[in-house]
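Peer 1: Structure for the following, please:
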Amino acid sequence: MSRAPLLESSLPGIPVRRGKVREVYDFGDRLLLVASDRISAFDWILPTGIADKGRVLTKISEFWFSHLREVRHHLLSMNPRDLPLPAGVDAAALDGRSMVCRKTQVVPVECVVRGYLAGSGWKEYRQSGTVCGIRLPAGLQESSQLPEPIFTPATKAEEGHDENIPFERMQEIVGAPLAETLRKLSLEIYARGAAHARSRGILIADTKFEFGLVGSEVILIDEVMTPDSSRFWPMDQYAPGRGQPSFDKQFVRDWLEQTTWDKNSPPPELPPEIVTGTRDKYIDAYERLTGAAFEWK
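Peer 2: Numbering: from 1, shown residues only. Prediction:
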């Protein structure tokens with residue numbers, strides 16, 4: 001089994017914010033984002049890592065930042081050596097899983113775009129005919145494509161689930177002009193990304209973006225349309241009315257749902273076949289999206 005590299009104390013003396021998957025190291029006006037091979041599900045970091053997952057996520061984000069050329073973003077370099085790393089740091093361990101980025105003032109709202117009815121959106125729709133308060137046509141099924149993509153913001157949570165909020169609440173949090181800008185930009189980026197993915201045989205059912213500000217300039221930050229921040233479905237297997245096979249960590253969630261784990265105690269180790277299958281799905285998503293083979297020494 002592959003244990004997740006924790007990257008603990010990789011950069012001694014550098015301030016760090018540690019998330020479920022990433023560490024963010026502060027170098028003043030620049031940040032170093034390092035993606036580990038950790039995988040989370042049901043608000044738990046699982047004890048078994050997925051080999052190369054961090055590199056796949058990083059390379060997918062790099063692809064999108066390049067593909068979305070006119071969208072302002074925070075990526076400066078893929079080489080951690082462009083920063084003044086402390087003496088003795090193993091820079092090779094950071095290669096392929098690191099992004100040198102501009103520091104921004106992070107907007108405290110997740111910008112979620114949904115093109116299909118799944119997850120918490122499907123659950124709400126069954127109860128009320130709405131998704132995040134947006135009224136949808138009657139008679140939609142699980143995984144139905146929506147008449148048009150919808151913007152459904154959420155508050156950012158350091159732990160636990162993000163909380164869906166109405167657009168009006170987002171306007172209260174960040175101000176109406178910025179909220180309108182982020183809604184428009186999120187829908188535009190999703191439309192472009194979804195069109196490219198569809199041309200490569202992948203449906204992006206939904207995704208979430210993060211944005212930051214440099215002065216008044218809006219910057220796309222963090223990861224972009226990866227299997228961790230999105231639902232990726234194989235187009236050739238798509239059929240509404242049921243859950244879909246996926247390229248994302250739903251494969252792991254489905255296995256956990258079949259175990260006796262109560263979701264309130266430490267989760268079990270993943271068996272080798274689930275680790276291998278998950279790794280294969282992440283790599284398949286990268287290779288389909290980019291048209292390039294995933295290779296790592």
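
Peer 1: Tell me which helix or strand in the chain has the weakest average pLDDT.
Peer 2: strand 16-18 (a mean of 85; mean pLDDT, DSSP states H and E).

Peer 1: Let me see the residues that make contact with it.
Peer 2: E23, V24, Y25, D26 (Cβ atoms under 8 Å, 6 or more residues apart in numbering). C-beta here means a position set from N, CA and C on the backbone, and glycine is covered the same way.

Peer 1: partners of the strand or helix carrying the second one in the sheet?
Peer 2: Right, the one you point to is V24. According to DSSP states H and E, V24 maps onto strand 22-26. Strand 22-26 has these partner strands in its sheet, going by DSSP bridges: strand 16-18 (antiparallel), strand 30-35 (antiparallel).

Peer 1: most tightly surrounded among the ones you listed?
Peer 2: strand 30-35 (a mean of 23; mean count of other Cβ atoms under 10 Å).

Peer 1: CA atoms only for that strand, dumped as PDB, please.
Peer 2: Extracted in PDB, the C-alpha atoms of strand 30-35 (Å, rounded to 0.1, in the frame of the first residue of the first chain):
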ATOM      1  CA  ARG A  30       4.800  34.400  -3.000                       C
ATOM      2  CA  LEU A  31       3.400  31.000  -1.800                       C
ATOM      3  CA  LEU A  32       4.500  27.500  -2.400                       C
ATOM      4  CA  LEU A  33       1.500  25.100  -2.800                       C
ATOM      5  CA  VAL A  34       2.500  21.400  -2.300                       C
ATOM      6  CA  ALA A  35       0.000  18.700  -3.100                       C
END
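
Peer 1: chain center to that strand: distance?
Peer 2: Taking Cα atoms, centre = their mean, to the nearest Å, one finds strand 30-35 lying 15 Å from the centre of the chain it belongs to.

Peer 1: Centre of the chain to the helix or strand just after that strand, how far?
Peer 2: Once the chain leaves strand 30-35, the next helix or strand it forms, by DSSP H and E, is strand 40-41. Centroid separation for strand 40-41 versus its chain: 12 Å, with Cα atoms, centre = their mean.

Peer 1: Run through who's touching strand 40-41.
Peer 2: For strand 40-41, using Cβ under 8 Å, 6+ apart, the contacting residues are K20, V21, L46, K249, V252, R253, L256, P267.

Peer 1: try 6 Å
Peer 2: Residues from elsewhere that reach strand 40-41 (Cβ atoms under 6 Å, 6 or more residues apart in numbering): K20, V252, R253, L256.

Peer 1: Closest one to E180 out of those, please.
Peer 2: Nearest to E180 out of the contacts of strand 40-41 is K20 (Cβ to Cβ; 30.4 Å).

Peer 1: Name the SS class of the closest one, please.
Peer 2: When classified by DSSP: H, G, I helix; E, B strand; the rest coil, K20 comes out as coil.

Peer 1: confidence score at D90?
Peer 2: Confidence at D90, expressed as pLDDT, is 88.

Peer 1: ah, wrong one, I meant E295
Peer 2: 86.

Peer 1: Next, find the distance separating it from A51.
Peer 2: E295 sits 14 Å away from A51, going by Cβ to Cβ, to the nearest Å.
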